[in-house]
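# Pasted the sequence and its predicted model underneath.
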Protein chains: 2
Amino acid sequence: MSKEILINHIKEYVDLSQDEELILLEKIKLRRYLKGQFVTQEGDICRSDSFVISGCLVTFCVDGNGKEHVLNLAIENWWTGDFGSFIGQSPAKYNVKCLENTVLAQISYDDYEELFVTIPKLERFLRLVVQQEYVDAENRVIDNFMLSAKERYLIFCEKFPQKEQRVPQYMVASYLGITKEFLSKIRKQLNNS
Amino acid sequence: MSKEILINHIKEYVDLSQDEELILLEKIKLRRYLKGQFVTQEGDICRSDSFVISGCLVTFCVDGNGKEHVLNLAIENWWTGDFGSFIGQSPAKYNVKCLENTVLAQISYDDYEELFVTIPKLERFLRLVVQQEYVDAENRVIDNFMLSAKERYLIFCEKFPQKEQRVPQYMVASYLGITKEFLSKIRKQLNNS
DNA sequence: CGTCTATTTGAATGTACTCAAAAGCGGTGG
DNA sequence: CCACCGCTTTTGAGTACATTCAAATAGACG
């Protein structure tokens, strides 16, 4: 069953007893989305933390000129959503949209708080996950400073070949912080060498 | 006593009993550094998580051309260090250097693991802190995409006036992802208007 | 096949960088 | 107290990386 995928993900970080698994199974809700549907929209409050069972999603915001900026791309076994909105239960700054038909395993904010009491080690699990995401986010800041657009693109392809294949090129460009035109030129240059 | 400052910081997130405070006081080590000293150097393993009691620090790395890139600036009541190195107990990618005489409250990796067992709610504390830092780091990524250098500088000054005042301008520039020369020109332009 | 969206191409432009040099500033010692 | 030193900041000219805008081409889907 699909919920098991999330359970197994959690078990990579902390041990769970049979009972604890059952409690979790009750709290995890599966939700299906069609390609193009939004999981969260700017201004909404993100009520659930979402783990991707299958599919592909983009997290982006829109600036004053209507330009879209991609914060994150998520595929199977990644967490997604507007985490700032989730932890503060405050209006989302970002939109989360499905690029494919998608199945998410979700745990609501309230259930999380309840679960932290009944299964305290989930607190540890979430800490470990978020710690790593924090380090990755900081490394992304520095990579954007240190590396050229071409280098960032090459590293992206190497690190996330599946994302590169499943996500439209203009979103990859935005994720890398460059324009779609410039990414196109980079790719052309890479082919001619 | 200075250690109380860290205890109070923790108490902003979780309640601590008298006993728990005493256990913590034992594990927290104060360490003094002179201006210019390094808390961590690239390649070291960052053995302790450090909370700034007083002073000011910069976290930076050096690229292939010898150019320095500032990841973070820390003052009183901030955590500092190479967190990636700390959580993985792996060689540091970054250097952490004191810009002033500095006092840090440190908890070692091993003591942390012990503390998580004796005071499980510290797990929650750390999760809450790191969650916020993660969201801040992601917002920094997007701000660097969406905003001009001038806008980023203005927001930095507004958000962290003390950092702007205590940190050399060329480090602020690097933190913002621009050159010292360009920041100088931005400041000139802001004065003439 | 036509329509819609995504990608490519090219020319002009801009934001920010490089390099070199000068000016400012703070501390130290004569 | 001033002169000097090292380090930081400023200035200017030339340049580069990446953007904008407009148009052509390619792909996907009904």
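In hand now; what should we look at? Because the structure is predicted, anything quoted here is derived from the model rather than measured.

# quick one, what contacts the spatially most central residue of chain A?
In chain A, the C-alpha closest to the average C-alpha coordinate belongs to residue A:80, at a distance of 3.0 Å (C-alpha atoms, centre = their mean). Contacts for residue A:80 (C-beta atoms under 8 Å, 6 or more residues apart in numbering or on different chains) come out as A:39, A:50, A:51, A:52, A:57, A:59, A:72, A:74, A:96, A:104. The C-beta positions use only the backbone N, C-alpha and C, and glycine is treated the same way.

# Could you export the residues you listed to CSV, including columns for pLDDT, secondary structure and distance to chain B?
Compiled in CSV, the contacts of residue A:80 are given as follows (pLDDT from 0 to 100; DSSP: H, G, I helix; E, B strand; the rest coil; distance: C-beta to the nearest C-beta, whole Å):
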residue, pLDDT, secondary structure, distance to chain B
A:39, 97, strand, 17
A:50, 98, strand, 16
A:51, 98, strand, 16
A:52, 98, strand, 17
A:57, 97, strand, 15
A:59, 98, strand, 9
A:72, 98, strand, 8
A:74, 98, strand, 13
A:96, 97, strand, 13
A:104, 98, strand, 19
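
# For residue B:113, state which of those is nearest.
residue A:51 (26.3 Å; C-beta to C-beta).

# so what's that closest one up against?
Contacts here follow C-beta under 8 Å, 6+ apart; on that basis residue A:51 touches A:5, A:6, A:9, A:77, A:78, A:79, A:80, A:104, A:105, A:106.

# Which ones among those residues lie within helices?
Restricting these to those inside helices, with DSSP state H as the criterion, leaves A:5, A:6, A:9.

# which one of those residues has the most neighbours?
For the ones in helices among the contacts of residue A:51, counting by other C-beta atoms under 10 Å in any protein chain shown, the largest number of neighbours falls to residue A:6: 22 neighbours.

# Just list the residues touching that one, thanks.
Contact analysis of residue A:6 by C-beta under 8 Å, 6+ apart lists A:28, A:51, A:53, A:105.

# 7 Å instead, please
Taking C-beta atoms under 7 Å, 6 or more residues apart in numbering or on different chains as the criterion, residue A:6 is in contact with A:28, A:51, A:105.

# Need those residues in a markdown table (columns: distance to DNA strand C).
Formatted as a markdown table, the contacts of residue A:6 follow (distance: C-beta to the nearest atom of the strand, whole Å):
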| residue | distance to DNA strand C |
| --- | --- |
| A:28 | 32 |
| A:51 | 26 |
| A:105 | 27 |
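
# What parts of chain A come near chain B?
Remark: the part of chain A in contact with chain B comprises A:61, A:63, A:69, A:71, A:83-84, A:87, A:116, A:120, A:123-124, A:126-127, A:130-131, A:133-135, A:137-138, A:140-142, A:144-146, A:177, using C-beta under 7 Å from any C-beta of the partner chain.

# just the buried members of these?
A:61, A:69, A:71, A:83-84, A:87, A:116, A:123-124, A:126-127, A:130-131, A:133-135, A:137-138, A:140-142, A:144-146, A:177 (16 or more other C-beta atoms under 10 Å in any protein chain shown).

# mind listing which of the residues you listed are in helices?
Short answer: those in helices (DSSP H) are A:83-84, A:87, A:116, A:123-124, A:126-127, A:130-131, A:133-135, A:137-138, A:140-142, A:144-146.

# quick one: the closest residue to DNA strand D within chain A and DNA strand C, what's the gap?
Using C-beta to the nearest atom of the strand, the closest approach of chain A to DNA strand D is made by residue A:182 at 3.2 Å. According to C-beta to the nearest atom of the strand, to the nearest Å, residue A:182 stands 8 Å off from DNA strand C.

# wait, doesn't that residue sit right on residue A:149?
Yes. Contact status for residue A:182 versus residue A:149: in contact at 6.4 Å, counting by C-beta atoms under 7 Å.

# Which of these two has more residues huddled nearby?
Summary of the neighbour comparison: residue A:182 and residue A:149, criterion other C-beta under 10 Å, with residue A:149 having more neighbours (17 against 14).

# Number of residues surrounding the residue nearest to the more buried one when sequence neighbours are not counted?
Sequence neighbours aside, residue A:178 is the residue nearest to residue A:149 in space, at 4.7 Å (criterion: C-beta to C-beta, 6 or more residues apart in numbering or on different chains). Taking other C-beta under 10 Å as the neighbour definition, residue A:178 ends up with a count of 19.

# Test my guess that residue A:178 contacts residue A:148.
No. Look at residue A:178 against residue A:148 with C-beta under 7 Å: they stay out of range, at 9.9 Å.

# which residues does residue A:38 bridge with?
Under DSSP bridges, the beta-bridge partners of residue A:38 are residue A:97.

# Quick check, pLDDT for it.
Model confidence at residue A:38, expressed as pLDDT, equals 96.

# so how many other residues sit close to it?
By other C-beta under 10 Å, 13 other residues sit near residue A:38.

# these two touch, right, it and residue A:94?
No. With contact defined as C-beta under 7 Å, residue A:38 does not reach residue A:94; the gap is 10.6 Å.

# Is DNA strand C within reach of stretch A:63-83?
No. In this structure, stretch A:63-83 remains apart from DNA strand C according to C-beta under 7 Å from any atom of the strand; the gap is never smaller than 10.6 Å.
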